[in-house]
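Asks: have a look at this prediction, sequence included:
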Amino acid sequence: MSAVDGLAGRVRAAAPFGTDAGVDRSLLLLFPLIAYELLFFVAPFLILLRISLAEPSTAGAYASGTWSIQPYVDVLTSEFFLGVIAYSFKLGVISTVITVALGTFYAYAIWRASGLYKSLLLFSIVLPLLTTLVIKTYAWLPLLAPTGTVNDLLLAANVLSSPVQFAPNTPGVVLGEVYIVLPYAVLAIYSVLSTMDWTVVEAARDLGASRPRSFAEVVLPQAIPGIAVGTVVTFAWSVGAYAAPALLGAGSDRTFAIEVESQMLSNFNWSVGTAFAVIMLVLMFVSSLALFNLLNRWGGEVEYGA
Amino acid sequence: MARRETAETAAFHAGALSILAFMFLPLVVVVATSFSASGNLAFPPEGFSLAWYGEFFDDADWLQAFDNSVVIGIGTTLLSTFLGVTAALGLQGRSGGWGRYLAPVALLPLLIPPVVLGVALLVYFSEIGLRSSYLGIVLAHTLWATPLVFFVMQSVFSRFDWELRDAGMDLGASPLRTFYHITLPGVRNGIVVSALLAFVISLQEFIMALFLSNYATRTIPVLAWGTLRQSLNPVVSVVSTFLILLSVIVIAVAALVMNLEWVAKRLS
Amino acid sequence: MSGIELRNLRKEFGDLVAVDDVSVSVRDGELLCLLGPSGCGKSTTMRMIGGLETPTDGEVHIGDREVTDLPAYRRNTSMVFQSWALFPYKSVRENVAFGLKMQGVDADERAARADEMLERVEMAGYGDHAPMDLSGGQKQRVALARSLVVDPDVLLLDEPLSNLDKRLREQMEIELKQIHEEFEKTFVHVTHDQDEAFTLADRIGIMNAGRLVQVGEPSEVYERPKNEFVEEFLGDTNLVSGTVVRTDGERATADLGFGTPVDLPVGGDLSEGASVTVSLRPEVLTLQRREGADGVETDGTRSESPAPARPDGTGAGVTGTVDSVLYRGSQVRYSVTAGETSIFVERSVTDHGDVATGDDVAVTWATEDLLAFRPGGERLGETT
């Protein structure tokens, strides 16, 4: 608890600058975070951008002091790199569709649950959230391997006649990725649902809407903001996936994150590695923004539809 | 009840329970395989033994990684709690101005793929000489832990009854004494919860640490990853069991102090 | 055609019995108010009529059909919720048209019927508004229109006025009454507000702790409360406990701590020493300043003076001192202590003026206007 004590001391020191204090005092309180974000978040990305515009070098990681768009040209004209980008987005889209569908359902189930059952459902979301990616990924291996538990069960039940390689393979990657991102989607949707008034759903049922109908007519339109946030978070994480494809994927399951890692740490080709990272970041940013607007517009159409 | 309603209810509960099982399954596998008697990572495990626990405690690499994780975790906790609490306090009661842009900027690192963050920081730290240092990893983990602390504290501060503080000042306490005697006791639980969450975030983070550590500073998840890429070794399950147990304890404490639903909503 | 009949209805939530053996018939076109304190089971009873809760035991009949096991969306009942439960992402017109949409009515017709219904609740022209932008009273009207447009057999109202301020509430009570008369439907209205129930109801059903205590027309319930709970719940009254000191075979006389024994209109079958609770309603009490006892000639003989009687000789009363005078708008409320017992008496503000704190007063009543109860139980002389 020494961490907490030390912290309390710092906060005490900050006390004179109470909340109603003038702008200057508030600024003083905000200064540490602003300085930190500028120094260790904004600055690194500027440097990243700079290095991605340097000439590649065979002697070092990049040719310092040079300017070149060659790294970008290299990436964008390489069939291999374009294939990696396509695979990343394919993985992102598939994982997002599955995750958001499951997440909406599960968030609704948590919202409707009560007491101990509700706590258990919430716990099942929070615990994986606070568990390292490594655990969340490798635990699937003994289950999905050709000699793993799932194959044993399916063979014993005569569903399969010979073992299927779920992992290392694409189905394993998707499953692992869905498992990793599901908690984020569920919580984003749940926090919107939990502000909703249940009697509105009862009113819909009372007026003749069946359960699925009342869900579609009343719950879904209100949950759209949560679903939009959940979708974007899920999509960003799945496109940028590293652990699941690296451990549960075959050699062909190569995402941009794996490629960047190997360019940076194995090939030591920083100009290509950083250029690739910048390209992916821009693509993700643009597609996430488009997705977010699309979902919210869809929500808007529901709002004013007949 | 009408038959259709009953069938719908049953299907609904079956669906929810399946996802519940899905969420716990990998964690159960990890804990079960840590007690395996054989060297194969198989589920259900072949036999029962504590052999791999002994292996863990005899391995200097794992113990070194454990120390690294704790040092980095405490550093991250201190730094991110300081940054998050001061910023939340600074923005309390202010809605306008450019201050409102700070929250989205602080949130952004959570949406950027950790590999990209890792690359950017790797490049940057190489320039300024922080590569592979404890401090570098602490600064990286703080990017993730700070927004959580910030949002937890923002909601704690907004729930706090600031009239209490006014009453304290009105009764003659100096601002410093008011904060110590009135504000702090009211928000202490929130600070403890956010500090615990920051520690766990740092402890479990893996990709940034992978980029920013070396043989001497690697954390437990990084070493576990490296081990797994060579062979599926049940010692990893032993380490993982410890990590899961730690998260369970933190969640239990947080849930006792604040309540689980509240904590869950702050994590999204 | 569309009355409601509840038979031995029971609902348990875990260990809690929310509704216990409730049986009642609601006539077609009647407005029944279920009245009771919060947690008495009135809302749960209504939700079982609407199909939003499934009874643990018992039956619900609407018209000539048993609907106990039908889910809400297949019953022709319609509910107006306490929060009104308007769909926030739909316009007012879409809200009203929702039930028709579920019935498969085509878009043009349902828009037309929704607008027509909005006109009938005086909300014409609000069709394109968002529910969020409406005032409480307007939301209330939209919620009514949404429920009425589907032409339900039964309209269920779950404390729909409780979120309105007092003035608007009184206005909406009248409007609701008019709507009930105009649409000629069976209404079941749940409330914890006695005034609201008396204003609206054809009959009132009073509930307590899951049970239906008494059902009757407002005047019947008010004049012949079945037990002490009903009497206490229905309004401001003085409930005074005491013991029977004598009985003449027809009527009892009780010591209520006033210093003077009080004759009761009933209680011939009570034995001496039995406990009894007497209700002295403020509207049957008369307050008079006692002449020659305004402090000038105070001589300590007050408690020995004979009990004052009404001019016609049928009355009874006690003497005491005014402790406080409280202005409550049109009424002035006096707290009077007589012997060891305090009671309150009301007077119209126009009659007030000659009585002040500290004055000696006489409080009189007609014996026939008193109600007596077994402590915590039935009213004495209850025959039906």
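Replies: Okay, I see it.

Asks: which helix or which strand is home to the residue in the stretch 151-300 of chain C positioned nearest to chain A?
Replies: Nearest residue of the stretch 151-300 of chain C to chain A, counting by CB to the nearest CB: residue C:156, 8.3 Å away. All C-beta atoms are positioned from the backbone trio N, CA, C, and that covers glycine. Assigned by DSSP states H and E, residue C:156 falls within strand C:154-158.

Asks: and after that strand, which helix or strand comes next?
Replies: Taking DSSP H and E, what comes next after strand C:154-158 is helix C:166-183.

Asks: the helices in the stretch 1-150 of chain A, which residues?
Replies: Counting by DSSP state H, counting those that start in this stretch, the segments of the stretch 1-150 of chain A that form helices are A:2-14, A:23-37, A:43-52, A:70-77, A:79-112, A:115-129, A:133-138, A:141-144, A:149-156.

Asks: winner for burial among the ones you listed?
Replies: Highest mean neighbour count among the helices of the stretch 1-150 of chain A (mean count of other CB atoms under 10 Å in any protein chain shown): helix A:133-138, with a mean of 26.

Asks: pull the residues that contact that helix.
Replies: A:128, A:176, A:179-180, A:243-244, A:247-248, B:26-27, B:30, B:204, B:206-207, B:221, B:224-225, B:228, B:232, B:236, B:240, B:243-244 (CB atoms under 8 Å, 6 or more residues apart in numbering or on different chains).

Asks: looking at those residues, which are in helices?
Replies: A:128, A:176, A:179-180, A:243-244, A:247-248, B:26-27, B:30, B:204, B:207, B:221, B:224-225, B:228, B:236, B:240, B:243-244 (DSSP state H).

Asks: the closest residue to chain B within chain C - how many residues pack around it?
Replies: Ranked by CB to the nearest CB, the top residue of chain C for proximity to chain B is residue C:71, at 5.2 Å. By the measure other CB atoms under 10 Å in any protein chain shown, the count of residues near residue C:71 is 19.

Asks: if we can go back for a sec, partners of the strand holding residue C:156, with directions?
Replies: strand C:77-80 (parallel), strand C:186-191 (parallel) (DSSP bridges).

Asks: let me see the backbone angles for the closest residue to residue C:216 other than its chain neighbours.
Replies: Residue nearest to residue C:216 in three dimensions, not counting chain neighbours: residue C:203, with 6.2 Å by CB to CB, 6 or more residues apart in numbering or on different chains. Note on residue C:203: backbone dihedrals following degrees, to the nearest 10 are phi -140, psi 150.

Asks: contact partners for residue C:203?
Replies: C:30, C:31, C:32, C:33, C:215, C:216, C:217, C:218.

Asks: so what's the second one bridging to?
Replies: With beta bridges defined as DSSP bridges, residue C:31 has these partners: residue C:187.

Asks: would you check that it makes contact with residue C:190?
Replies: No. The criterion here is CB atoms under 8 Å, and residue C:31 misses it with residue C:190 at 11.9 Å.

Asks: hmm, residue B:38 is touching residue B:48, no?
Replies: No. At 10.5 Å, residue B:38 does not count as touching residue B:48 under the criterion of CB under 8 Å.

Asks: any idea which residue of chain B lies closest to chain A?
Replies: Counting by CB to the nearest CB, chain B gets nearest chain A through residue B:113, at 2.4 Å.

Asks: poorly predicted segments of the stretch 151-300 of chain C, please.
Replies: C:291-300 (pLDDT under 70).

Asks: which residues sit in contact with whichever residue of the stretch 51-200 of chain A sits closest to chain C?
Replies: At 4.1 Å from chain C, residue A:199 is the closest residue in the stretch 51-200 of chain A, using CB to the nearest CB. Listed by CB under 8 Å, 6+ apart, the contact partners of residue A:199 are C:81, C:82, C:83, C:85.
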